[in-house]
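# here is my input; please provide its structure:
(2 chains)
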Amino acid sequence: MKLLRLFPFFLLLAGCDIIEAPYLDNPISALPADEQCVELAMQTEPFQQPIVRKVLVEEMTGHQCGNCPEIGEIIHSLKGGIFANKMVVMSIHAGALSNPKSTGDKYNTDFRTDPGRDLYNALNPFDVVPLGMVDRRDKIIGAGAYQSRIQQALDLAPEAGIRVFNCYNPDSLRLTTVIDVKYLVEGGENDQLAVYLIEDNIKDWQKDYRYADPDLQGYTHHDMLRAAINGTWGEPISTGPISPDSRFTKSYSFTLKAGWAPENCKVVAFLFDNDSKEVRQVEEAPVVN
Amino acid sequence: MKLLTSTLCLGLWLFAIPGFSQNNDPGRISGSFQTDVQYLFEDSVIGANAVDERVLSNSFLQLTYNRGNLSAGLRYEAYLNPLLGFDGRYEGQGIAYRFAEYQGDKLDITVGNFYDQFGNGIVFRSYQEWGLGIDNSVDGIRVQFRPKEGLTLKGIIGKQRKFWERTESILRGADVDMSVNDLFPALKESKTRLFLGGSIMSKYQQDDDLILQLPENVSAFGGRFRLIRGGLSVDGEAAYKINDPFQLNKFVYNPGNALYLNASYATKGFGLLFSAKRIDNFDFRSERQVSLQELSLSFLPPISKLHTYRLPTLYPYATQLNGEVGIQGTLLYTIPKSTVLGGKYGTKLQLNYSRIHGLDTTFVEPNFRYETSFIGDPGNLYFQDINLEINRRMTKDLRLIFTYIYLKYNKDIIEFNSVNAGYGIVNTHIQVLETQYKLSRRVSLRTELQHMYTKQDLGSWALALAEISISPNWYFTVFDEWNYANPNPELRVHYYNGQVAYAFESSRISFGYSRQRRGLLCVGGICREVPAANGFSLSISSSF
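Predicted structure coming up:
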């Protein structure tokens, strides 16, 4: 049994480093919040390898559009299913069927936004909902074509990588987002970077003609456009020619509105050709990690 | 690679020295071989992609040489390129595992790669699961000492395998295992048997993070017992880990802990099993920057029944390492033969219930430390399984097994580790009827009819399977899995599978076609995501 006394020796072999607060190393915490976020972003690896193509699906919809939920559910199931982590969805409430009602107790919430209105007017000249767009290349009115169109878009070689890095202060509702873009191919002279804020899981009224009583209370609206962080059409990514392997870092600050659920909000950033409006790459990241 | 080869050559050369062994025994070589090959097509309906290589394969050959007290071995592996769903970092080929070992009466010494575990594996388990693409062998030194009967001391030091490299971190560990009855002569004849054990596992990884203060030495401690008397068995293990902030626990600084308790009682025709567990922040990995099942040190066994029928495996439970509380109970009863209910041959019943829920965490230091109660949040359900199996031999040649399963599956947590994924809890009712029929002395037929009803997620499924075995060589299996009530009519597709296998001596060759749905593949509660696939497969395995 003397040998048992040797066992504590083995315990000494293994050390324990117990860390007490504060847990942050100091230098960055002294900086203003926005600069801290940029510093934090710079110190993490921005791009997961290999860089893969992702697809932006925009859905023009409205809470009084009874044909819209079917399309929305298809898109949502594709995003959570076979295209998980490969697609980003932005649901734009615009057009006459998104108008809020000023009487009664249904459809009183106004989900419209200024950038949503501008995008709708520019990209939906026929004024029809539901309307889907895949990377702004294809416009889809029916329900059947989403999977194949998304797959076609995913089959294209990636042209750039995007990383979205967010810092959020719950006291001030202040969001700082740092966007990194790395080109894999030559960039276009009209390339723009657009950054939006979307909110998921909003419960409110929605008309759905698949039901005998089409007015659904507490319907879950997914990935709804809330705001354009750097303007409806974003801003040019560069003023000069863009060669492969070029890297750009942009940062923006934005204050969330009271009533939005930060834990459900995401920042969507995408790179697109401002002439054709076609999207070259897209990424999203939650506001609260 | 040169290092690996030279180490192996040195080991083999030692064995070749005359007189190194205890007699003239020339030794013995044993081994095993397996190759799995896929030929894949594109199938846009189910989202299966073709691959550029068309053909993918995972293969290995393991050779072990034994001579007296000594043994040495190696395993060659080739992933050209890795099968669909396996981590791309396995791509390549080479010697992935090699070792030399001395096994004496009191002392065992291993150098090179080894697999091992302390107790139930909560603080340390190094293992390989070929089907999941998991191999976290340790490359280092292991010494095991048995100073007297009933006492075993073990120590290890090394680095873990990381695909074709080793981890940055260094592992150190020790374990003691005691059979109390063997240690104390007065208890030797006691009908009550008691086993005790304790272990410690520690890792060292440099803190190279510029933002956070990270612990460089992290240790986990465990203690365990097992008590057996007659048909009663009670065992438990408790473990504690100091603060270990890393990517998968979202850099929280809470210490981790885990507690497992099992009790079982069995007598003729009757059995009762009960298990309980609580896990709080006990994901223990050898490095901080990891994903999925990579570089795990701890093995936290699942506490729900591991279903083997195919439809229930659509919704398998995967242990939530950041926190969960669960219980499980199983009742086994055999209705005696030659009774009205039991029939001529008797009937076996198995009733099983398990329920697992999350912890209720409240952050007291934002992002870094939380508080939680012991029982967690029973309202935050992760998984619940109620199932009944009736197994009855009807005639000399026919056996029927009926199973009913009711599952509640929190898809948001289990698949997306998020409360906001938007799927919620999937409720499913599953019925399975299995028949086993012996057509002749050599030929037997096994069939399965399965149905799963749910209004959620992918909707309801049905499955029919037939398997013919012609002993001792041939096996034929076909099945069709039909997602007939998918909410998207375009995805109401059949997933056909067919396979033929030929077994001889200790080898087996199988060839098949499958259209495989996307889902989780789980072995022992550890899961990996399997993408949708369509194509042929070939598998050859042999041991000698």
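# tell me how many other residues crowd B:T267.
By the measure other CB atoms under 10 Å in any protein chain shown, the count of residues near B:T267 is 10. C-beta: built from backbone N, CA, C; applies to glycine.
# how much space between it and chain A?
Here B:T267 is placed at a distance of 37 Å from chain A (CB to the nearest CB, to the nearest Å).
# from B:L227, how far out is that residue?
17 Å (CB to CB, to the nearest Å).
# does the residue nearest to B:R517 when sequence neighbours are not counted have beta-bridge partners, and which?
Spatial nearest neighbour of B:R517, excluding adjacent residues (CB to CB, 6 or more residues apart in numbering or on different chains): B:Y495 at 5.4 Å. Counting by DSSP bridges, B:Y495 forms beta bridges with B:E481.
# count the neighbours of B:Y495 for me.
By other CB under 10 Å, neighbour count at B:Y495 equals 19.
# contacts only, for it.
Listed by CB atoms under 8 Å, 6 or more residues apart in numbering or on different chains, the contact partners of B:Y495 are B:I46, B:D480, B:E481, B:W482, B:N483, B:S514, B:R515, B:Q516, B:R517.
# change it to 6 Å
By CB atoms under 6 Å, 6 or more residues apart in numbering or on different chains, the contact set of B:Y495 is B:E481, B:R515, B:R517.
# for it, give its distance to B:S338.
Where B:S338 is concerned, B:Y495 sits at a distance of 43 Å (CB to CB).
# and A:D105, by the same measure?
Separation of A:D105 from B:S338 (CB to CB): 69 Å.
# check B:S233 too.
In terms of CB to CB, B:S233 sits 31 Å off from B:S338.
# higher neighbour count, the two?
Higher neighbour count among B:S233 and B:S338: B:S233, with 16 against 9, using other CB under 10 Å.
# ok but that one is inside a helix, no?
No. Per DSSP: H, G, I helix; E, B strand; the rest coil, B:S233 lies outside any helix segment and is strand.
# what residues are bridge-paired with it?
Counting by DSSP bridges, the residues bridging with B:S233 are B:I228, B:S264.
# that one reaches B:A263, doesn't it?
No. The pair B:S233 / B:A263 is not scored as a contact, 7.1 Å apart, by CB atoms under 6 Å.
# go ahead and confirm B:S539 touches B:R508.
No. B:S539 lies out of contact with B:R508 (CB under 6 Å); the separation is 7.7 Å.
# thinking again about what came up before, quick check on the contacts of B:Y495: which are buried?
The neighbour-count test (16 or more other CB atoms under 10 Å in any protein chain shown) marks B:E481, B:R515, B:R517 as buried among those.
# any chance of those in TSV, with pLDDT too?
Output for the buried ones among the contacts of B:Y495, formatted as TSV (pLDDT from 0 to 100):
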residue	pLDDT
B:E481	94
B:R515	92
B:R517	85
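# let me know the closest of those to chain A.
Closest approach between the buried ones among the contacts of B:Y495 and chain A, by CB to the nearest CB: B:R517, at 10.1 Å.
# report the contact partners of the residue in the stretch 1-150 of chain B positioned nearest to chain A.
Proximity of the stretch 1-150 of chain B to chain A (CB to the nearest CB) peaks at B:G47, 3.3 Å away. The contact partners of B:G47, by CB under 6 Å, 6+ apart, come to A:I82, B:A532.
# try it again with 7 Å
A:I82, B:R518, B:A532 (CB atoms under 7 Å, 6 or more residues apart in numbering or on different chains).
# and residue 96, how many residues sit next to it?
Assuming you mean chain A. A:A96: 10 neighbours (other CB under 10 Å).
# look at chain B instead
Neighbours around B:A96, by other CB under 10 Å: 23.
# just give the nearest non-adjacent residue to it, would you?
B:A96 sits nearest to B:E77 (CB to CB, 6+ apart), 4.4 Å away.
# quick one: mean pLDDT for the helix or strand containing the one you found?
According to DSSP states H and E, B:E77 maps onto strand B:70-79. Strand B:70-79 shows a mean pLDDT of 97.
# isn't A:P262 right up against A:N166?
No. A:P262 lies out of contact with A:N166 (CB atoms under 7 Å); the separation is 9.9 Å.
# between those two, who's got more neighbours?
Per other CB under 10 Å, whichever of A:P262 and A:N166 has more neighbours is A:N166, with 20 against 16.
# what about the more buried one, distance to A:P50?
To A:P50, A:N166 is 23 Å away according to CB to CB.
# what's the answer for B:G92, then?
Distance of B:G92 to A:P50, computed by CB to CB: 16 Å.
# higher neighbour count, these two?
B:G92 (14 against 9).
# for that one, grab phi and psi.
With angles defined as degrees, to the nearest 10, B:G92 sits at phi 130, psi -170.
# what's the closest non-adjacent residue to it?
B:W164 is the one closest to B:G92 (CB to CB, 6+ apart), at 5.8 Å.
# how many other residues sit next to that neighbour?
15.
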